[in-house]
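Asker: How does the following fold in three dimensions:
(chains A and B)
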Number of protein chains: 2
Amino acid sequence: MRDAYHEELDSIGDDLVEMARLVGSAIGRATTAILDSDLKLAENVIEADTKVDDLQHNLEARAIALLARQQPVATDLRIVVTSLRMSADLERSGDLAQHVAKLARLRFPERAVPRDLHATILEMGQLAQRLMAKAAEVLITKDVDLALQLEQDDDEMDLLHRTLFQHLIDDRWKHGIETAVDVTLLGRYYERFADHAVSVAKRVVYLVTGEHADDIQPEIQPVGGVEGA
Amino acid sequence: MRDAYHEELDSIGDDLVEMARLVGSAIGRATTAILDSDLKLAENVIEADTKVDDLQHNLEARAIALLARQQPVATDLRIVVTSLRMSADLERSGDLAQHVAKLARLRFPERAVPRDLHATILEMGQLAQRLMAKAAEVLITKDVDLALQLEQDDDEMDLLHRTLFQHLIDDRWKHGIETAVDVTLLGRYYERFADHAVSVAKRVVYLVTGEHADDIQPEIQPVGGVEGA
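Answerer: All right, here's what the predicted structure looks like:
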């Protein structure tokens, strides 16, 4: 049987998973909102971010209470401190999903993303959502190999990001400056969202192994991978 | 006389001030590097960020050791946990200064910023540096009024950011898409840098008053201020 202390630690872990689930869903819905210029969906994403913020505040308060009351040491202490950091990553990811939705709202009823970039933005949105789903899985399973895989997925995001820039600086770009600005910011939001998902996974690696993820070689080397940004 | 424990707490505070000083200097130098297309200065900023990262890693390790060894409660616990967050803000600010420098290096020997935007980017860079200098002062003095002032300064950054966008979407924009992309990202870097400086100041307010800065009315209301982003 778990004592109250470990139950509280577990419940902090559960909240991190819930936050990852919420922000993963948010980035998926925000992407749909911006591609379809769906105002209602955009507003729904913008409002739903409060839930993520509330979860974070609540998690922080409980983590600090736990530190004060139980004074954990060694591994448990690392878990609590690392949870605080992961909650910050997840809260920020929620903000980034909200930024995508706000851009959809700002441009409504126009579409912020021109047709010839739909496929790339869709891929970035889906990849961001997948990365966060994997981060949630890593939080649950503590699977170090899966965590290291996320870095390779992140290389894919870098590649998509470059594709986006290639489109932008192509002489045939005909969508004007405002759209170029929107697309530049969108690319940045997805890239940062992915960074935070990777960061959550890396922190789990650190908890499990005591080593920073960058010092561990993944079992499978990326094939033809691109250098991380 | 201070005991070893409070000396360690003080030294964590000193390191935060040192980090703020380093990243404030970095954003100033990065701004000069990008406006003058000074490759050597840009590379100097890029390399110097290691020092900030090292300070953060060291600070984190010591903060966690302090939690484990001394098991602080109440105010001291809040100081340690909040210091961890502030160090994350400052480390990220260093990254953003580095991004500005990297853009300078990428475009060298060309200039990333067109002449008619020099004044605005210079102002953003100077304001970013001033905000960080004030954040450092708040860290030292714990001056709540000064901390609340930072939010008003941040309104100024939002205003500059809007000015930048107005230039970009002006029909007379003649600098092409690549420059528009560069300027969009630059604007975002300065804005985020300012956000982190404000965040550090807000966390000091929380430490001193136990209240979140957003719930406190500043003594002086902004005159003709714009809404925060």
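Asker: Excluding chain neighbours, what is closest to the one residue in chain A that gets nearest to chain B?
Answerer: In chain A, no residue comes nearer to chain B than residue A:71, which is 4.0 Å away by C-beta to the nearest C-beta. C-beta here means a position set from N, CA and C on the backbone, and glycine is covered the same way. Nearest non-adjacent residue to residue A:71, counting by C-beta to C-beta, 6 or more residues apart in numbering or on different chains: residue B:71, 4.0 Å away.
Asker: What are the boundaries of the helices in chain A?
Answerer: Here chain A has its helices, by DSSP state H, at A:4-36, A:39-70, A:74-107, A:118-141, A:144-169, A:176-209.
Asker: Near chain B, which residues of chain A are found?
Answerer: A:64, A:67-68, A:71, A:73-74, A:77-78, A:81, A:84-85, A:88, A:165, A:168-169, A:173, A:177-178, A:180-181, A:184-185, A:188 (C-beta under 8 Å from any C-beta of the partner chain).
Asker: Which among those residues count as buried?
Answerer: Among the residues of chain A next to chain B, the ones that count as buried by 16 or more other C-beta atoms under 10 Å in any protein chain shown are A:64, A:67-68, A:71, A:77-78, A:81, A:84-85, A:88, A:165, A:168, A:173, A:177-178, A:180-181, A:184-185, A:188.
Asker: give me the number of residues near the nearest residue to residue A:111 once chain neighbours are set aside?
Answerer: Leaving aside its sequence neighbours, residue A:111 sits nearest to residue A:37 (C-beta to C-beta, 6+ apart; 4.6 Å). By other C-beta atoms under 10 Å in any protein chain shown, the residues close to residue A:37 number 17.
Asker: same deal with the one 4 residues further on?
Answerer: The local packing of residue A:41 (other C-beta under 10 Å) involves 19 other residues.
Asker: That one and residue A:33 touch, don't they?
Answerer: Yes - under the criterion of C-beta atoms under 8 Å, residue A:41 makes contact with residue A:33 at 4.1 Å.
Asker: anything in contact with each of these two?
Answerer: With contacts defined as C-beta atoms under 8 Å, 6 or more residues apart in numbering or on different chains, the residues shared by residue A:41 and residue A:33 are A:101, A:104.
Asker: quick one: low-confidence ranges for chain A?
Answerer: Residue ranges of chain A with pLDDT under 70: A:1-2, A:217-229.
Asker: Mind checking the helices of chain A for the one nearest to residue B:211?
Answerer: Comparing the helices of chain A against residue B:211 with C-beta to C-beta, the closest turns out to be helix A:39-70 (13.6 Å).
Asker: and that closest one, how far out from the chain's middle?
Answerer: Here helix A:39-70 shows a centroid-to-chain-centroid distance of 15 Å under the convention C-alpha atoms, centre = their mean, to the nearest Å.
Asker: what's the answer for stretch A:94-113, then?
Answerer: Using C-alpha atoms, centre = their mean, the offset of stretch A:94-113 from its chain centre is 17 Å.
Asker: do stretch A:70-82 as well
Answerer: Relative to its parent chain, stretch A:70-82 has a centroid offset of 24 Å by C-alpha atoms, centre = their mean.
Asker: again with stretch A:206-218
Answerer: 20 Å.
Asker: Please identify the buried residues of it?
Answerer: A:206-207, A:213, A:216.
Asker: Can I get that stretch as PDB, trimmed to CA atoms?
Answerer: C-alpha atoms of stretch A:206-218 as PDB (Å, rounded to 0.1, in the frame of the first residue of the first chain):
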ATOM      1  CA  TYR A 206      17.500  12.600 -16.000                       C
ATOM      2  CA  LEU A 207      15.200  11.300 -13.300                       C
ATOM      3  CA  VAL A 208      15.500   7.700 -14.300                       C
ATOM      4  CA  THR A 209      19.200   7.600 -15.100                       C
ATOM      5  CA  GLY A 210      20.700  10.500 -13.200                       C
ATOM      6  CA  GLU A 211      22.300  11.500 -16.500                       C
ATOM      7  CA  HIS A 212      21.400  14.300 -18.800                       C
ATOM      8  CA  ALA A 213      19.700  13.000 -22.000                       C
ATOM      9  CA  ASP A 214      22.400  14.700 -24.200                       C
ATOM     10  CA  ASP A 215      25.000  12.500 -22.700                       C
ATOM     11  CA  ILE A 216      23.200   9.300 -23.600                       C
ATOM     12  CA  GLN A 217      23.400   7.700 -27.100                       C
ATOM     13  CA  PRO A 218      20.100   6.500 -28.400                       C
END
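Asker: which other residues reach that stretch?
Answerer: Around stretch A:206-218, the neighbours that count as contacts under C-beta under 8 Å, 6+ apart are A:75, A:78-79, A:82, A:142, A:144-145, A:147-149, A:151-152, A:201-202, A:205.
Asker: Check stretch A:65-79 too.
Answerer: Stretch A:65-79 is contacted from outside by A:5, A:8-9, A:12, A:80, A:206-207, B:64, B:67-68, B:71, B:73-74, B:77, B:81, using C-beta under 8 Å, 6+ apart.
Asker: Show me which pair in these is furthest apart.
Answerer: Farthest pair in these, by C-beta to C-beta: A:206 and B:74, 28.4 Å.
Asker: still on that earlier bit, from the contacts of stretch A:206-218, which two are the most distant?
Answerer: Top of the distance list for those (C-beta to C-beta): A:75 and A:152, 27.9 Å.
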